[in-house]
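Peer 1: Sharing a sequence plus its predicted fold:
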Amino acid sequence: MAVSRKDNKGRVLRKGETQRSRDKMYVYTYTGADGKRHSIYNKDITKLREREDRLIKALLDGMDMSGVNTLDSVFDKYITFKSGIKADTIEYYTYMYNHYVRGCLISRKRIEDVVYSDLLRHYQYLLNERKLKISSVEVVQAIIHQTFKFAVKDNLIRNNPSDDIMSDVKYTDEQSPLKKHALTPEQQQAFIRYIERNIDFCYIVPIIKFLMGTGCRIGEAIGLTWSDINLDKRIITINHTLKYYGRKGFGAVTPKTAAGVRTIPMMKSVYNILSEEYRLQQENGGCNLVVDGLKGFIFMNPHGGLYKSETVNEAIKKAYMAYNEEEMAKALSENREPLLLPHFTAHNLRHTFCSRLCENEPNLKLIQSIMGHSSIQTTMDIYTEINENKKKEAMQNLSDKLNIF
């Protein structure tokens with residue numbers, strides 16, 4: 001009859017478990033998918049057995065648990081096999097990982113031991129200690145997320161611990177991507193130039209330019225029909241908005257307040273956008289959908305249907321993140337500071353338009369009418385914020401020109 005092996009406290013050891021006499025360390029030895037013997041260690045037998053159970057289940061599921069796979073080593077493997085992207089993007093990924101992940105605690109842990117809270121703690125560290133902007137942390141998260149996605153496909157882990165993590169990252173008002181509501185003129189131009197020349201994002205150019213040039217809410221732009229447009233008089237009439245209700249589809253609603261019903265004169269750039277869209281739809285056919293009696297919608301997605309607001313915002317996010325990756329790589333190669341874009345949505349483009357309007361128009365009632373603000377206070381808040389910035393710029397310009405102190 002076989003005699004059970006026991007540890008120094010008299011507890012029976014399982015098959016594969018031993019306890020070293022010199023330091024009382026518990027060891028579990030197993031055969032990996034590579035056919036070689038591997039071992040895991042812990043001074044606490046309960047914790048060792050927790051790892052054993054996970055390990056055995058992983059092996060039964062066909063996962064590769066041979067060797068030590070850290071976040072660093074998996075990233076190196078991921079970047080080596082990454083295909084379909086340009087060399088400067090690979091350089092940018094590597095730069096961001098090496099500067100903001102490699103060498104940190106999470107990067108040296110076994111990849112199967114990295115959990116959601118580890119990543120959350122690391123992103124807070126990047127924000128609070130390394131003083132990164134939230135947009136830069138989002139880039140780091142995108143790289144880490146792809147690394148874990150690679151690990152899942154490579155059967156190293158079951159789940160991606162970085163899924164949906166950014167919603168739980170806490171940042172101060174100063175770090176907030178929404179603190180600065182408006183893009184700068186330079187950021188506007190950079191974004192437009194990027195999506196115009198990029199085959200993946202050029203389809204959103206018309207609606208983005210329209211939002212930047214009118215200050216319309218995204219639901220107002222999506223619901224705009226040709227009957228709301230007078231190209232001869234160059235006037236846009238806003239009297240409804242479109243909302244998406246899931247399985248029920250789209251529905252048209254009137255503005256929340258009377259101020260939302262308004263007319264907006266077309267700038268030349270907006271007139272050109274609408275004229276081109278009209279010409280294209282005359283040649284190729286327009287949108288055939290009818291929503292609550294409304295038809296002849298102006299802005300169509302690539303499939304000929306209507307945009308959803310979240311779809312536009314998702315396209316904006318993908319575009320500015322792709323732009324930031326490319327811009328960072330270019331700036332590195334050109335030895336200059338990058339012109340990065342902050343986190344923004346379609347609603348930020350409304351604030352951007354209002355900011356440009358406030359910079360060039362002193363009549364607050366006129367601005368309120370064009371924007372459809374129900375309260376003059378909303379207009380005044382934006383106007384005050386813009387003019388506070390202008391005052392600082394004016395004083396700095398004066399300081400640069402005067403040398404009398």
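Peer 2: Perfect, I can see it now.
Peer 1: C-alpha from now on. contacts and neighbour counts both.
Peer 2: OK.
Peer 1: do you know how far E50 is from L289?
Peer 2: Separation of E50 from L289 (Cα to Cα, to the nearest Å) stands at 57 Å.
Peer 1: Who has more neighbours out of these two?
Peer 2: Between E50 and L289, counted using other Cα atoms under 10 Å, L289 has the larger neighbour count: 14 against 10.
Peer 1: domain ranges for the chain?
Peer 2: Listed domain ranges for the chain are 1-67, 71-168, 185-312 (source: automatic domain parsing).
Peer 1: Identify the residues contacting S374.
Peer 2: Shown in contact with S374 (Cα atoms under 8 Å, 6 or more residues apart in numbering): T257, A258, A259, G260, Q368.
Peer 1: where's the residue nearest the centre of the chain, which helix or strand?
Peer 2: The centroid of the chain falls nearest to K317 when counting by Cα atoms, centre = their mean (4.9 Å). Assigning secondary structure by DSSP states H and E places K317 in helix 309-334.
Peer 1: what packs against that helix?
Peer 2: Counting contacts by 3 or more Cα pairs under 8 Å, 6 or more residues apart in numbering; DSSP states H and E, helix 309-334 packs against helix 87-100, helix 185-197, helix 218-222, helix 346-360.
Peer 1: ok, and what's touching the second one?
Peer 2: Right, helix 185-197. Residues from elsewhere that reach helix 185-197 (Cα under 8 Å, 6+ apart): F201, C202, I204, V205, K209, A319, Y320, Y323, L339, L340, L341.
Peer 1: Try it again at 10 Å.
Peer 2: With contacts defined as Cα atoms under 10 Å, 6 or more residues apart in numbering, helix 185-197 is touched by 182-184, 201-206, 208-209, 212, 316, 319-320, 322-324, 326-327, 339-342, 349, 352, 356.
Peer 1: the inter-axis angle of it versus helix 309-334?
Peer 2: Inter-element angle recorded for helix 185-197 and helix 309-334: 100 degrees (by axes from the mean of the first three to the mean of the last three Cα atoms, to 10 degrees).
Peer 1: picking up where we left off before, buried set for the helix holding K317?
Peer 2: By neighbour count with 16 or more other Cα atoms under 10 Å, helix 309-334 contains the buried residues 309, 312-313, 315-317, 319-321, 323-330.
Peer 1: to the chain's geometric centre, what's the distance from stretch 13-31?
Peer 2: 46 Å (Cα atoms, centre = their mean, to the nearest Å).
Peer 1: What is the end-to-end distance of it?
Peer 2: Criterion Cα to Cα; first-to-last residue distance in stretch 13-31 is 18 Å.
Peer 1: how about that stretch: buried residues?
Peer 2: If you call a residue buried by 16+ other Cα under 10 Å, then stretch 13-31 has these buried ones: L13, E17, T18, Q19, Y26, V27, Y28, Y30.
Peer 1: Next: stretch 125-138.
Peer 2: Judged by neighbour count using 16+ other Cα under 10 Å, the buried positions of stretch 125-138 are L126, L127, L132, K133, I134, S135, S136, V137, E138.
Peer 1: As TSV, the helices and strands packed on helix 309-334 with distance to H38 would be great.
Peer 2: As requested, the helices and strands packed on helix 309-334 are exported to TSV (distance: least, Cα to Cα, whole Å):
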stretch	distance to H38
helix 87-100	29
helix 185-197	50
helix 218-222	57
helix 346-360	53
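Peer 1: ranking those helices by burial, who's on top?
Peer 2: helix 218-222 (a mean of 23; mean count of other Cα atoms under 10 Å).
Peer 1: At which residues are the strands of the stretch 1-150 of the chain located?
Peer 2: 17-19, 26-31, 37-42 (DSSP state E, counting those that start in this stretch).
Peer 1: which helices and strands sit right next to the second one?
Peer 2: Which is strand 26-31. Here strand 26-31 touches strand 17-19, strand 37-42, helix 45-60, going by 3 or more Cα pairs under 10 Å, 6 or more residues apart in numbering; DSSP states H and E.
Peer 1: where does the chain dip in pLDDT?
Peer 2: For the chain, the stretches flagged by pLDDT under 70 are 1-3, 32-35, 57-67, 83-88, 171-181, 256, 383, 385-405.
Peer 1: Let me have the helices and strands packed on strand 26-31 in CSV, adding distance to D163 as columns.
Peer 2: Shown next, in CSV, are the helices and strands packed on strand 26-31 (distance: least, Cα to Cα, whole Å):
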stretch, distance to D163
strand 17-19, 35
strand 37-42, 28
helix 45-60, 20
